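here you go, sequence then predicted model.
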Amino acid sequence: MKRHTERPMGAPRIYTAPEGVCASCGFPLPICQVISRPVQGLDEPFMLIRRDRQCRRRDCPGPRPRPFVYAERDLRAVLPNRIYGLDVTVHVGERHVGEGVALAQITRDLNGRGVPLDQRHTGRVFRDFLTLASLERGDDAALQARLRARGGIVLMVDGVQFDDRSPVLYVAWDARTGTPLFGERKTYRGEDDLVPLLERVRRMDLPVIAVVTDKEKGLVPAVQHVFPDVPYQFCQIHFLKNCAKPLQPDLTALQASVRRRSEAVREISKRLESASTEPDPPASVPAAPRVPVPSVKPLTEERFAREVGDLVRANSRVSGKAPLDPPELARHQRLAEIHELVRDAREKNTANPVNPASGP
């Protein structure tokens, strides 16, 4: 990121090339390169990680240079070569187009939410939104030739909405290369409204290897109508998120509890810093030891409280992998471990803090 943000980093989004074997030698394809970059989302920043595969056997009879098997390029996270996520792009576009809010005011509102965005960048993000809303890149003959040389496309289609009242921005793209093909802003999201977008993809006259979408009511019959003979799969991430939706109220309350506890410990640490005037006692050193003995500072209650405060601040920002390992639950569990540590120290009248994250 260009600018610093105090918000914790969200769970990384990891995309791995599908399991497979080399078509030339028949051996499994190892992960050969990992590409990661930060993305600024509307709610939190996160790391976008792609893991690609390539055959590395010296005796492989395949062509050289050996082709890569690339991980899926998901435009729902971020557009190619962009820092700000697609949710930020839709937020800026819909507020400016749909609500008539000035870009300067949108910039101030986003900065108030913790999104580090300069007004010059807001204009660029808005131009990206306009491009997506009327995208016709799939009609380019040179692009069609490149995709045909790769053997076809894996079509992904999804819609992004600013709120329940605004139109839905639908984007169709090739998941193998991350190439956006068509985009349309739809007021309605029924089957009849989405068929024309898919018809534009079919008129490209490219082999469609598979189609991946979420289980949207209008999108599913539209895909089956336009591509009846193409393998069709629902997005697993969407399926898992739908399964985890009943947990969201509890996770929200859990995160609020973590925030309250963290803020309380931070206030205690600030009071300790302002009240502390005496330096730590000097370490005692033997006069003439035969074997060198490292000096150890006695662990006072004040120093113990400071170290516990550092542990709480660090562990209240750990990330997880939602929806199976939500970060809210991971943060609560870390703070619960620290609470047990402090309680044991109180009962034993000792002070020996250990970071629960560094244990076996």
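Thanks, I have it. Residues are numbered from 1 along each chain as shown.

tell me where the stretch 151-300 of the chain has strands.
For the stretch 151-300 of the chain, the strands defined by DSSP state E, counting those that start in this stretch cover 153-161, 168-174, 179-186, 208-213, 232-234.

please produce a markdown table containing those, extended by distance to Leu194, mean neighbour count and mean pLDDT.
Where C-beta positions appear, they are placed from N, C-alpha and C, glycine not excepted. Formatted as a markdown table, the strands of the stretch 151-300 of the chain follow (distance: least, C-beta to C-beta, whole Å; neighbours: other C-beta atoms under 10 Å; pLDDT from 0 to 100):
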| stretch | distance to Leu194 | mean neighbour count | mean pLDDT |
| --- | --- | --- | --- |
| strand 153-161 | 8 | 21 | 89 |
| strand 168-174 | 7 | 24 | 91 |
| strand 179-186 | 7 | 21 | 90 |
| strand 208-213 | 10 | 19 | 92 |
| strand 232-234 | 14 | 13 | 83 |
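
could I get these as JSON lines with distance to Ala330?
Rendered in JSON lines, the data for the strands of the stretch 151-300 of the chain read as follows (distance: least, C-beta to C-beta, whole Å):
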{"stretch": "strand 153-161", "distance to Ala330": "27"}
{"stretch": "strand 168-174", "distance to Ala330": "32"}
{"stretch": "strand 179-186", "distance to Ala330": "34"}
{"stretch": "strand 208-213", "distance to Ala330": "29"}
{"stretch": "strand 232-234", "distance to Ala330": "27"}
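
and the host helix or strand of Gly93, what does it pack onto?
Assigned by DSSP states H and E, Gly93 belongs to helix 86-97. For helix 86-97, the contact count by 3 or more C-beta pairs under 8 Å, 6 or more residues apart in numbering; DSSP states H and E identifies helix 103-112, helix 119-133, strand 153-161 as packing neighbours.

how close does Thr122 get to Cys32?
For Thr122, the distance to Cys32 equals 38 Å [C-beta to C-beta, to the nearest Å].

about what we covered before: quick one: which of the strands of the stretch 151-300 of the chain is nearest Gly26?
Between Gly26 and the strands of the stretch 151-300 of the chain, the shortest separation by C-beta to C-beta is 21.3 Å, and it involves strand 208-213.

related to what we said a few turns ago, so which of Thr122 and Cys32 has more stuff around it?
Under the neighbour definition other C-beta atoms under 10 Å, Thr122 and Cys32 were set side by side, and Thr122 has more, 22 against 15.

surely the more buried one meets Val92?
Yes. With contact taken as C-beta atoms under 8 Å, Thr122 and Val92 are classed as touching, separated by 6.0 Å.

quick one on the thing from earlier: next, the angle from the helix holding Gly93 to helix 103-112.
Here helix 86-97 runs at an angle of 140 degrees relative to helix 103-112 (axes from the mean of the first three to the mean of the last three C-alpha atoms, to 10 degrees).

which other residues reach helix 86-97?
Applying C-beta atoms under 8 Å, 6 or more residues apart in numbering, the set of residues contacting helix 86-97 from outside is 40-43, 75-79, 82, 101-103, 106, 110, 115, 117, 122, 125-126, 128-130, 132-133, 160-163, 166-167, 169.

gap between that helix and the chain center?
Averaging C-alpha coordinates over helix 86-97 and over its chain gives two centres that are 18 Å apart (C-alpha atoms, centre = their mean, to the nearest Å).

repeat for stretch 108-126
Counting by C-alpha atoms, centre = their mean, stretch 108-126 is centred 19 Å from the centre of its parent chain.

ok, Ser24 - how many residues close by?
The number of residues packed near Ser24 is 14, by other C-beta under 10 Å.

and the residue lying closest to it once chain neighbours are set aside, how far is that from Pro18?
Nearest in space to Ser24, with sequence neighbours left out and distances taken as C-beta to C-beta, 6 or more residues apart in numbering, is Gly62 at 3.1 Å. Going from Gly62 to Pro18 by C-beta to C-beta gives 18 Å.

with that, I have no additional questions.
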